[in-house]
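S.K.: Next comes the sequence, and after it the predicted model I'd like to discuss.
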Amino acid sequence: MRKFITSIAVIAMAAAMMTGCGSADKKTTTAASTKAEVQTEAKTEAKTEKATEKATEKATEKATEAKTEAKSEAASSEAASEEASSEAESASAAN
């Protein structure tokens, strides 16, 4: 009886060693998962690029608006100071 149990154990161990623990299946799974990873990465990268592009456009637009507004304010301030100085000159000429 002891020899019988030992022979079954030896056969089971030999069968497990011959199968290679299913290494052939991993190659297929790895290729499929790598392809999925590449596709997912490409989609994520595209979304990130679009978001970055939009943020850059908004920042550039705000900077341009601020410069334009500053120029307009400077021009209106200059016009107001010229007007005030011409009024002051005409008032002093009248006295």
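M.R.: Ah, there it is.
S.K.: Helix or strand: which one has E61?
M.R.: helix 23-94 (DSSP states H and E).
S.K.: what's the burial count for A66?
M.R.: A66: 10 surrounding residues under other CB atoms under 10 Å. To be clear about C-beta, it is placed using only N, CA and C from the backbone, and glycine gets the same treatment.
S.K.: quick one: contacts for it?
M.R.: A66 is in contact with no residue at all, counting by CB atoms under 8 Å, 6 or more residues apart in numbering.
S.K.: Number the residues from 59 up from this point.
M.R.: In the new count, where the first residue is 59, that last one comes out as A124.
S.K.: For it, give its distance to A117.
M.R.: 11 Å (CB to CB, to the nearest Å).
S.K.: shared neighbours of the two, anything?
M.R.: With CB under 8 Å, 6+ apart, A124 and A117 have no common neighbours.
S.K.: follow-up on the earlier one: what mean pLDDT does the helix holding E119 have?
M.R.: Averaging pLDDT along helix 81-152 gives 76.
S.K.: Check the spacing between I69 and M75 real quick.
M.R.: From I69 to M75 the distance is 11 Å (CB to CB).
S.K.: Relative to A121, how far out is A70?
M.R.: According to CB to CB, A70 stands 74 Å off from A121.
S.K.: Please report how far A109 lies from T98.
M.R.: From A109 across to T98, the span is 17 Å (CB to CB).
S.K.: again with S139
M.R.: From S139 to T98 the distance is 61 Å (CB to CB).
S.K.: Also A72?
M.R.: From A72 to T98 the distance is 42 Å (CB to CB).
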